[in-house]
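> The sequence isn't on hand, but the structure is:
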């Protein structure tokens, strides 16, 4: 059985990203520093 999940986002994203799903969850209250963001990107 295939489950289709579409991301609920506050900004437009491509359908490929919206359709990607991971069982991991993220804390929406978490913050990161600008250097951490730079390292991720």
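That came through, no problem. In this text, all values refer to a predicted model and were calculated from it rather than measured experimentally. Numbers count the residues shown, from 1 in each chain.
> which other residues reach the lowest-mean-pLDDT helix or strand in the chain?
Across the helices and strands of the chain, mean pLDDT, DSSP states H and E gives its lowest value to helix 15-18, namely a mean of 82. Helix 15-18 has contacts (C-beta atoms under 8 Å, 6 or more residues apart in numbering) with 6-7, 9. C-beta coordinates here come from the backbone N, C-alpha and C atoms, glycine included.
> what comes into contact with stretch 33-41?
Under the contact criterion C-beta under 8 Å, 6+ apart, stretch 33-41 has outside partners residue 32.
> Low-confidence stretches in the chain?
Within the chain, the stretches with pLDDT under 70 are 1-3.
> Let me see the ranges of the helices in it.
Taking DSSP state H as the criterion, the chain contains helices spanning 15-18, 34-40.
> so who does residue 4 touch?
Counting by C-beta under 8 Å, 6+ apart, residue 4 touches residue 19.
> What distance do you get for it to residue 10?
The gap separating residue 4 from residue 10 is 21 Å, by C-beta to C-beta, to the nearest Å.
> and if you look at residue 16?
18 Å.
> Same check on residue 36?
Per C-beta to C-beta, residue 36 is found 21 Å from residue 10.
> Thank you, goodbye.
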